[in-house]
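A.B. asks: let me see the structure of the following:
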Amino acid sequence: MKKFLLGVGLGYVLGAKAGRGRYEQIVRTYRRLADHPMVQGAAGVARAKVEEQFGRGRGA
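C.D. replies: Numbers count the residues shown, from 1 in each chain. Next comes the predicted model:
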């Protein structure tokens, strides 16, 4: 998760320096990756592991 957040922050900073067009390109690439079935599957597995480890919500 730390690497992901670092990547998002780095993308934002580089995009801001490069201008609006580059920022929009980074956003499009992020969305395309985030919507990819393999990424969605990995996110589902990670979510299940977290719920298994820590329970589902505060009421669990």
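
A.B. asks: by contact count, what packs against the helix-or-strand element of the chain with minimal mean pLDDT?
C.D. replies: The helix or strand of the chain with the lowest confidence, counting by mean pLDDT, DSSP states H and E, is helix 2-18 at a mean of 80. Helices and strands touching helix 2-18, by 3 or more C-beta pairs under 8 Å, 6 or more residues apart in numbering; DSSP states H and E, are helix 20-34. For the C-beta atoms, the positions are set from N, CA and C on the backbone; glycine is no exception.

A.B. asks: can you list contacts of the helix or strand just after the helix it packs on?
C.D. replies: Using DSSP states H and E, the helix or strand that follows helix 20-34 in sequence is helix 37-54. Defining contact as C-beta atoms under 8 Å, 6 or more residues apart in numbering, one finds that helix 37-54 is touched by residue 33.

A.B. asks: spit out the contact partners of residue 22.
C.D. replies: Residue 22 sits next to 14-15 when contact means C-beta under 8 Å, 6+ apart.

A.B. asks: what about it, distance to residue 43?
C.D. replies: 26 Å (C-beta to C-beta, to the nearest Å).

A.B. asks: quick one: residue 48 and residue 16, what's the gap?
C.D. replies: 35 Å.

A.B. asks: could I get the buried residue list for stretch 1-16?
C.D. replies: 11, 15 (16 or more other C-beta atoms under 10 Å).

A.B. asks: now find how far off-centre that stretch is within its chain.
C.D. replies: 10 Å (C-alpha atoms, centre = their mean, to the nearest Å).

A.B. asks: again with stretch 15-31
C.D. replies: That offset, for stretch 15-31, works out to 15 Å (C-alpha atoms, centre = their mean).

A.B. asks: same thing with stretch 44-60?
C.D. replies: 18 Å.

A.B. asks: extract the CA atoms of that stretch and return them as PDB.
C.D. replies: The C-alpha coordinates for stretch 44-60 follow below in PDB (Å, rounded to 0.1, in the frame of the first residue of the first chain):
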ATOM      1  CA  GLY A  44     -10.500  -8.500  -4.200                       C
ATOM      2  CA  VAL A  45      -8.000 -11.000  -2.900                       C
ATOM      3  CA  ALA A  46      -6.300  -8.300  -0.800                       C
ATOM      4  CA  ARG A  47      -9.700  -7.100   0.500                       C
ATOM      5  CA  ALA A  48     -10.600 -10.600   1.500                       C
ATOM      6  CA  LYS A  49      -7.300 -11.100   3.300                       C
ATOM      7  CA  VAL A  50      -7.700  -7.900   5.300                       C
ATOM      8  CA  GLU A  51     -11.300  -8.800   6.200                       C
ATOM      9  CA  GLU A  52     -10.100 -12.300   7.300                       C
ATOM     10  CA  GLN A  53      -7.300 -10.800   9.400                       C
ATOM     11  CA  PHE A  54      -9.100  -7.900  11.000                       C
ATOM     12  CA  GLY A  55     -12.800  -8.800  10.700                       C
ATOM     13  CA  ARG A  56     -15.400  -7.000   8.700                       C
ATOM     14  CA  GLY A  57     -16.000  -3.500  10.100                       C
ATOM     15  CA  ARG A  58     -16.000  -2.400  13.700                       C
ATOM     16  CA  GLY A  59     -18.900  -4.600  14.700                       C
ATOM     17  CA  ALA A  60     -17.100  -7.900  13.900                       C
END
